[in-house]
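J.: got a sequence here, can you build the structure:
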Amino acid sequence: MLAFGLTGFSQITWTGTTSDDWNVGTNWSSTTIPTATDDVVIPNVTNFPDVLTSTTAAAKSITITGVEPSGLIELFVHGTLTVEEGITVSNASSVLKIFSGGKVIYSGDIDNSGSIVIEGELITP
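T.: From the prediction side, this is the model:
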């Protein structure tokens, strides 16, 4: 008998069901807040996610997937967001906005086909 283990793949999708607060579990498809082991997908929904001032958030990777031409989707960062691997801003309808006082710390690559607005800090360790 052959036995082997699979590395867990955890993808969590933003739903924005409750609010725009990244740190509210019911805003996510898994009903849990993402961690550094989760691949995060942010599609076009009513409430844009926001890492609020004085809070921290984490993800393994982030993909912001707006729907062209009219489905703008944004990720707002007022606090600190740490991304262990890459960030993908998938198309012209996708925006990552780091506000003054906000910070995104990331390893890996940024694949930007949309917009990244930096008023705060974008840091590679």
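
J.: where are the low-confidence patches of this protein?
T.: Counting by pLDDT under 70, the chain contains low-confidence residues at 1-9, 67-71.

J.: ok, 80 please
T.: Residue ranges of the chain with pLDDT under 80: 1-9, 66-71.

J.: going along the chain, name the strands of it.
T.: 11-13, 39-43, 50-51, 56-59, 61-65, 73-77, 80-83, 87-89, 94-98, 103-106, 110-112, 115-118, 121-123 (DSSP state E).

J.: for the last one, which positions count as buried?
T.: Put plainly, it is strand 121-123. residue 122 (16 or more other Cβ atoms under 10 Å). Backbone N, C-alpha and C define where each C-beta goes, glycine included.

J.: what residues does that strand touch?
T.: 98, 102-106, 116 (Cβ atoms under 8 Å, 6 or more residues apart in numbering).

J.: ok, and the most crowded of these?
T.: Sorting those by how many neighbours each has (other Cβ atoms under 10 Å) puts residue 104 first, at 24 neighbours.

J.: residue contacts, residue 10?
T.: Shown in contact with residue 10 (Cβ under 8 Å, 6+ apart): 30, 37-39, 60.

J.: list just the nearest of those residues to residue 89.
T.: Among the contacts of residue 10, residue 39 lies closest to residue 89 (Cβ to Cβ), at 15.1 Å.
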